[in-house]
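In: sequence and predicted structure below; questions after.
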Amino acid sequence: MTLADNDPGARLAGMLLLISLVAILTAAAIVVPSGLTLNPADPATTLTAVHDHVGLHLTELAFDVLGWLALTAAGLVLAGKPDVMVRPHLAVLAGGLLAAAGLAGLLHDAGNLAVTQLAATPADTVADVAGAVLLTAKWTVNLAGLLWAAAAAVTAIGVDLPDRLRRAGGLAALAGLAAVAVPWTTGTNGMSPTLEQLGYALQLPVMIWYGLLGWRLVRRR
């Protein structure tokens, strides 16, 4: 069976991948212009921003949680679909890595939700705690990016795809790995907002590539 065959399970995985892409991009579109990227380098300012825009922050979190949850579900579905692979033995690995990336993303959002609760307390009394929570959340999303890039690499190798899309998957995985490496270049200084945005931009090819894969799966006949 190939990617062109009728398969409701593969279409479900494709729909979940598309939902994940749209939801996470929507969350990013809310966060970036509103200054709610939650930088752990300045927890007091971050807490104030969350306190002042709590509704916007929770809306962004809702979209982000939906995106990571859909990614987790897509990974679980793909892990049970060796028929979409030219190398069926890679199905569990590709789907498992994708599901693990989604779970790491959900843990990241759990940390950001905890910051929402801390923002209800005067910033000067909980800034240190918030900083630790934010730092943990940032490294958790870094782990999610690593797993996502690894999943893209395995999926590009294993799924029945045109050569151009397969090569695009490999390049997207390299961009994702570069995004993961960005925080390591800062040593003990921590991430600046500019470097954080660079990391997100480098992760974008992985998201778009999985969106293209999702579209192909949805269009199976």
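Out: Yes, it's here.
In: thought Pro43 was touching Leu134?
Out: Yes. Using C-beta atoms under 8 Å, Pro43 is in contact with Leu134, at 6.0 Å. For the C-beta atoms, the positions are set from N, CA and C on the backbone; glycine is no exception.
In: next one: Arg219 from Leu18, what distance?
Out: Distance, Arg219 to Leu18, using C-beta to C-beta, to the nearest Å: 11 Å.
In: so these two - more neighbours on which side?
Out: Leu18 (20 against 11; other C-beta atoms under 10 Å).
In: now do the buried residues in the least confident helix or strand in the chain by mean pLDDT.
Out: Each helix and strand of the chain was given a mean pLDDT (mean pLDDT, DSSP states H and E); the minimum falls on helix 43-52 at a mean of 84. For helix 43-52, the neighbour count (16 or more other C-beta atoms under 10 Å) marks Pro43, Thr46, Leu47, Ala49, Val50, His51 as buried.
In: just stretch 77-88 next, same as before
Out: Buried positions in stretch 77-88, judged by neighbour count with 16+ other C-beta under 10 Å: Val77, Leu78, Ala79, Lys81, Pro82, Val84, Met85.
In: can you pull the contacts of the fifth one?
Out: Residues counted as contacts of Pro82 (C-beta atoms under 8 Å, 6 or more residues apart in numbering) are Pro88, His89, Ala91.
In: now with 7 Å, please.
Out: Counting by C-beta atoms under 7 Å, 6 or more residues apart in numbering, Pro82 touches Pro88, Ala91.
In: can you check the pLDDT for it?
Out: On the pLDDT scale, Pro82 is placed at 80.
In: also the first one?
Out: Val77 carries a pLDDT value of 94.
In: again with Ala181
Out: Listed pLDDT for Ala181 reads 90.
In: now Ala168
Out: The score at Ala168 is 96. That number is its pLDDT.
In: neighbours around it, how many?
Out: Using other C-beta under 10 Å, Ala168 has 19 neighbouring residues.
In: check which residues of the strand or helix carrying it are buried.
Out: Assigned by DSSP states H and E, Ala168 belongs to helix 163-181. Neighbour counts over helix 163-181 (16+ other C-beta under 10 Å) mark Arg166, Ala168, Gly169, Ala172, Ala173, Leu174, Ala175, Gly176, Leu177, Ala178, Ala179, Val180 as buried.
In: likewise for stretch 213-221?
Out: Residues of stretch 213-221 classed as buried under the neighbour-count rule (16+ other C-beta under 10 Å) are Leu213, Gly214, Arg216, Leu217, Val218, Arg220.
In: what secondary structure does the third one sit in?
Out: Spelled out, that is Arg216. Put simply, Arg216 is helix when judged by DSSP: H, G, I helix; E, B strand; the rest coil.
In: touching stretch 93-104 from outside, list them.
Out: For stretch 93-104, the external contacting residues (C-beta under 7 Å, 6+ apart) are 68-69, 71-72, 74-76, 78-79, 140, 143-144, 147-148, 150-151, 154-155, 158.
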